[in-house]
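Colleague: okay, structure incoming, though there's no sequence with it:
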């Protein structure tokens, strides 16, 4: 499968759960792209989001702020967020800043999807 030519983050959809790929550097520009993709998916009915950090080498403070906004909006809409394939360095940053208390952490998309599909199948996500 070839990579898209557009600068937007790659995304996949499984039922009511969307997978969004963060890219190599999460800063203001790429963070806004992730945010737009996540908001679009929630507007289309997704009840859970998986943000995959497999290619992410660096997340700056603005990127963290945007991710917090995505988490807040998902919570407001009754959706869940999972982070997958997070490097040890990025995981330590997320732990330090408290993001890991707000999201599901999983080693793989498959693991996150299994958990989140159960959540999204329940009325009101409960």
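Modeller: Now that the structure is in, tell me what you want to look at. Since this is a predicted model, take the numbers as computed values, not measurements. Numbers count the residues shown, from 1 in each chain.
Colleague: please make it C-alpha for all contacts and neighbour counts, starting now.
Modeller: OK.
Colleague: now do the strands in this structure.
Modeller: Secondary structure of the chain (DSSP state E): strands at 11-14, 17-21, 25-26, 48-52, 58-59, 80-84, 104-106.
Colleague: ranking those strands by burial, who's on top?
Modeller: Each of those was scored by mean neighbour count; the highest is strand 48-52, a mean of 27, by mean count of other C-alpha atoms under 10 Å.
Colleague: given that one, what are its sheet partners and their directions?
Modeller: In the sheet, strand 48-52 lines up against strand 17-21 (parallel), strand 80-84 (parallel) (DSSP bridges).
Colleague: what are the contacting residues of stretch 85-97?
Modeller: 52-54, 56-59, 100-101, 106-109 (C-alpha atoms under 8 Å, 6 or more residues apart in numbering).
Colleague: how about a cut-off of 10 Å?
Modeller: 51-61, 64, 83, 98-101, 105-109 (C-alpha atoms under 10 Å, 6 or more residues apart in numbering).
Colleague: how far away is the most centrally placed residue in the chain from residue 44?
Modeller: Within the chain, one residue has its C-alpha closest to the average C-alpha position: by C-alpha atoms, centre = their mean, that is residue 51, at 2.4 Å. Separation of residue 51 from residue 44 (C-alpha to C-alpha, to the nearest Å) stands at 17 Å.
Colleague: and for residue 55?
Modeller: Applying C-alpha to C-alpha to residue 55 and residue 44 gives a distance of 26 Å.
Colleague: and residue 34, by the same measure?
Modeller: 15 Å.
Colleague: before we move on, what about residue 106?
Modeller: From residue 106 across to residue 44, the span is 24 Å (C-alpha to C-alpha).
Colleague: this protein: helices as residue ranges?
Modeller: Secondary structure of the chain (DSSP state H): helices at 28-43, 61-76, 88-97, 109-121.
Colleague: much appreciated, bye for now.
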